[in-house]
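>>> Here is my input; please provide its structure:
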Amino acid sequence: MQRSFDDLGRPLIDVTFVVLDLETTGGSPVADAITEVGAVKLRGGECLGTFGTLVNPGRGIPPAITYLTGITEAMVRPAPPIEEVLPALLEFVGDAVVVGHNVAFDIRFLDAALGRSGRSRLGAPVVDTCALARRLVREEVPDCKLGTLASRLRLDHRPSHRALDDALATADLLHALLERAAGLGVTGLDDLLALPTARGHAQLGKLGLTADLPRAPGVYLFRDGAGRVLYVGKATDLRRRVRSYFGAASSGDDRRKLGPLLRELASIDHVVCSHELEARVLEIRL
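Model prediction:
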């Protein structure tokens, strides 16, 4: 079920995440199949449980995949097929936000398996730790592979190309990246989901100025270092509207004055209003 804006604005400490990792017989969700599932449930920085099982793919495992993962045909032969695993996995995931490293790969395979078993696609909000790492720590590491990040960030778990091991390492990575993101004022689920798509620009660090803005109608005032008002605007959701300026600047928006405006920005004031009409009137007066 699609979440409401109130759900998306939940503080991250209250959000339940399920970190998912799959091992497969290859790279095609159509031609290949799942051999192992690993998942870790998290909330408030704590691990609430794990899920892990081998899966019988119903076909052979290429030698190159066995070499990479260590999973052999003999290991998966007594394992349940994915159709028998899905009910327990979906119950474990529940209404959580799904997390993974290059998670689109795992989602494609999972959606394909759901479709073949007559179930709907997953449809949960998704967080990709690889995309987050590119946004938050790319300058600190030679690449954003899970193994590299686990080593450089000294995570407690290290990936091994086995589903649960990789899910545990990704869970550690998520926590490390959430700590970094908090410095940019990322405190809600909507902030986190939007962060990877805000391409880098010189003023991204000023996102922290938006940390105290409420999700409410009102008027905002951009001020420079001397306290002078640079710009006045209105919004039905102050936090969402002000943070959108950083996304617009980074995506090549053609508003020519936006870049200089953000360069001069030093502080943000706001006034909460009862409704949008009041905000419109106050904006005009200011």
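>>> Mind jotting down where the helices sit in the stretch 1-150 of the chain?
Ranges of helices within the stretch 1-150 of the chain are 5-8, 63-69, 73-76, 82-93, 103-116, 129-136, 146-152, based on DSSP state H, counting those that start in this stretch.
>>> Where does the prediction get shaky in this structure?
1-9, 198-204, 247-257 (pLDDT under 70).
>>> Repeat the analysis, applying 50 as the threshold.
1-8, 249-251, 253-254 (pLDDT under 50).
>>> Leu209 is nearest to which of the helices of the stretch 1-150 of the chain?
helix 129-136 (17.7 Å; Cβ to Cβ). For every residue, glycine as well, the C-beta is placed using N, CA and C.
>>> picking that back up, would you list the helices of the stretch 1-150 of the chain in CSV and tack on distance to Ala235 and mean neighbour count?
Formatted as CSV, these follow (distance: least, Cβ to Cβ, whole Å; neighbours: other Cβ atoms under 10 Å):
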stretch, distance to Ala235, mean neighbour count
helix 5-8, 13, 13
helix 63-69, 49, 14
helix 73-76, 53, 15
helix 82-93, 34, 16
helix 103-116, 31, 19
helix 129-136, 24, 22
helix 146-152, 36, 18
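>>> Could you dump these into a markdown table with distance to Ala226 added?
Output for the helices of the stretch 1-150 of the chain, formatted as a markdown table (distance: least, Cβ to Cβ, whole Å):
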| stretch | distance to Ala226 |
| --- | --- |
| helix 5-8 | 36 |
| helix 63-69 | 59 |
| helix 73-76 | 67 |
| helix 82-93 | 51 |
| helix 103-116 | 45 |
| helix 129-136 | 31 |
| helix 146-152 | 41 |
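>>> next structured bit after the helix ranked longest in the chain?
When the chain is parsed with DSSP state H, its longest helix is helix 163-182. Downstream of helix 163-182, the next assigned helix or strand under DSSP states H and E is helix 189-194.
>>> helices or strands up against that next one?
helix 5-8, helix 163-182, helix 238-250 (3 or more Cβ pairs under 8 Å, 6 or more residues apart in numbering; DSSP states H and E).
>>> Off-centre distance for that helix?
With Cα atoms, centre = their mean, to the nearest Å as the basis, helix 189-194 stands 7 Å off its chain's centre.
>>> buried sites along it?
Across helix 189-194, burial judged by 16 or more other Cβ atoms under 10 Å covers Leu189, Asp190, Asp191, Leu192, Ala194.
>>> Roughly how far does the second one sit from Pro62?
It refers to Asp190. Per Cβ to Cβ, to the nearest Å, Asp190 is found 41 Å from Pro62.
>>> Among the buried residues of helix 189-194, give me the pair with the biggest separation.
Pairwise over these, using Cβ to Cβ, the maximum falls at Leu189 and Ala194, 9.7 Å.
>>> what's the closest of the helices and strands packed on helix 189-194 to Arg77?
Closest among the helices and strands packed on helix 189-194, once you apply Cβ to Cβ, is helix 163-182, at 17.5 Å.
>>> Just the residues contacting the closest one, thanks.
Contacts to helix 163-182, defined as Cβ atoms under 8 Å, 6 or more residues apart in numbering, come from residues 12, 17, 19-23, 36-40, 42, 45, 47, 50, 52, 99-101, 127, 129, 132-133, 136-137, 146, 149-150, 153, 155-160, 186, 191-192, 195.
>>> Let me know the helix or strand that the residue nearest to Tyr220 when sequence neighbours are not counted is in.
Spatial nearest neighbour of Tyr220, excluding adjacent residues (Cβ to Cβ, 6 or more residues apart in numbering): His270 at 4.7 Å. Per DSSP H and E: His270 is located in strand 267-272.
>>> tell me what that strand is packed against?
Against strand 267-272 (3+ Cβ pairs under 8 Å, 6+ apart) you get strand 218-223, helix 238-250.
>>> Would you mind giving these as JSON lines with mean neighbour count added?
Formatted as JSON lines, the helices and strands packed on strand 267-272 follow (neighbours: other Cβ atoms under 10 Å):
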{"stretch": "strand 218-223", "mean neighbour count": "21"}
{"stretch": "helix 238-250", "mean neighbour count": "20"}
